[in-house]
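Asker: Provided below are the primary sequence and the corresponding predicted coordinates.
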Amino acid sequence: MIDVLEIENLCSGYGELNVLKGVNISVGENEIVALIGPNGAGKSTVIKSVFNMADISEGNIKFRGEAINSLKTHEIIKLGISYLNQGKINFSNLSVRENLMIGADQIFASDVAEQGLRQIYDKFPDLLTKENELAYTLSGGQQQMLALGRSLMQRPELLLMDEPSLGLSPKLQQELFETIASLKNDGISLLIVEQNAKKAIEIADRTYLLEDGKVVLEGGKEILDNDAIKNVYLGGRY
């Protein structure tokens, strides 16, 4: 079976700054793959390279066996790849509904977009109750629901997530990770960059550890027992 995403010998960065140095990563059908590592290791650059937001100097990126290196970002979205980037990414002065519908009506017919909206409200009932309220009035957890919901409105086959738990309380982080894990049941494959290494490994089918722009470790949940993971990323215990 062809992997949903194949990254082969990827070297990329920003201008003359080389960040990734021959990275190989794959994401299978309905699989959650996590990228962990220290700040500056190149985790976000992997995702930005897939989404054509970094400068690729060498290597290939394939989506369902077809090279996408040369595609523009809007073409990548239409293929079925969505990107949930980190930080304050909602349109604060638009309503919840307006935020969710942004872009969807450019990809789908209006009735299909409305059907997608109902599915998002079924998954995130809080957003339905806040449908007509401005995004800036939402709590931190609701903000992240909204951002994730907008990505899901594109009906992706592959979802790229960059630090989805950033700034959330432990309780909201737990709820978010449960939601992310459930997306496999919707037929979505996921590539997640996450600083919360333990939670990322727990929900992932496979995890890659990046250091200095290179993959130095790959494995399933058993890598929680690896000394490098325990000592450096889990504080020596978990």
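Answerer: Nice, I can see it.
Asker: Just the element for the residue sitting nearest the centre point of the chain, please.
Answerer: Nearest to the geometric centre of the chain sits residue 161, at 1.4 Å (C-alpha atoms, centre = their mean). Following DSSP states H and E, the helix or strand that holds residue 161 is strand 158-162.
Asker: Return the distance of the residue nearest to the centre of the chain relative to residue 66.
Answerer: 22 Å (C-beta to C-beta, to the nearest Å). Backbone N, C-alpha and C define where each C-beta goes, glycine included.
Asker: Flag the helix or strand of this protein with the lowest per-element mean pLDDT.
Answerer: Lowest mean confidence among the helices and strands of the chain (mean pLDDT, DSSP states H and E): helix 104-107, at a mean of 70.
Asker: Which SSE is immediately downstream of that helix?
Answerer: Following helix 104-107 in sequence order, the next helix or strand is helix 110-123 (DSSP H and E).
Asker: Now that following helix - C-alpha only, PDB.
Answerer: In PDB, the C-alpha atoms belonging to helix 110-123 read as follows (Å, rounded to 0.1, in the frame of the first residue of the first chain):
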ATOM      1  CA  SER A 110     -22.400  25.600  -0.800                       C
ATOM      2  CA  ASP A 111     -24.500  22.600   0.200                       C
ATOM      3  CA  VAL A 112     -21.400  20.500   0.800                       C
ATOM      4  CA  ALA A 113     -19.800  23.200   2.800                       C
ATOM      5  CA  GLU A 114     -23.000  23.500   4.900                       C
ATOM      6  CA  GLN A 115     -23.000  19.700   5.500                       C
ATOM      7  CA  GLY A 116     -19.400  20.000   6.600                       C
ATOM      8  CA  LEU A 117     -20.400  22.800   9.000                       C
ATOM      9  CA  ARG A 118     -23.000  20.600  10.600                       C
ATOM     10  CA  GLN A 119     -20.500  17.800  11.100                       C
ATOM     11  CA  ILE A 120     -18.100  20.200  12.800                       C
ATOM     12  CA  TYR A 121     -20.900  21.300  15.200                       C
ATOM     13  CA  ASP A 122     -21.600  17.600  15.900                       C
ATOM     14  CA  LYS A 123     -18.000  17.100  16.800                       C
END
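Asker: follow-up on the earlier one: in terms of secondary structure, what does the strand holding residue 161 contact?
Answerer: helix 43-50, strand 81-84, strand 189-193 (3 or more C-beta pairs under 8 Å, 6 or more residues apart in numbering; DSSP states H and E).
Asker: and the angle for the longest one with strand 158-162?
Answerer: Going back to what we said before, that points to helix 43-50. Helix 43-50 runs at 140 degrees relative to strand 158-162, counting by axes from the mean of the first three to the mean of the last three C-alpha atoms, to 10 degrees.
Asker: Just give me how far the helix or strand just after helix 43-50 sits from the chain centre.
Answerer: Of the helices and strands lying after helix 43-50 in sequence (DSSP H and E), the nearest is strand 55-63. Put simply, strand 55-63 sits 18 Å off its chain's centre (C-alpha atoms, centre = their mean, to the nearest Å).
Asker: Stretch 7-25 too?
Answerer: For stretch 7-25, the separation from the chain centroid amounts to 18 Å (computed by C-alpha atoms, centre = their mean).
Asker: as a whole number, average confidence for that stretch?
Answerer: Here stretch 7-25 scores 96 as its mean pLDDT.
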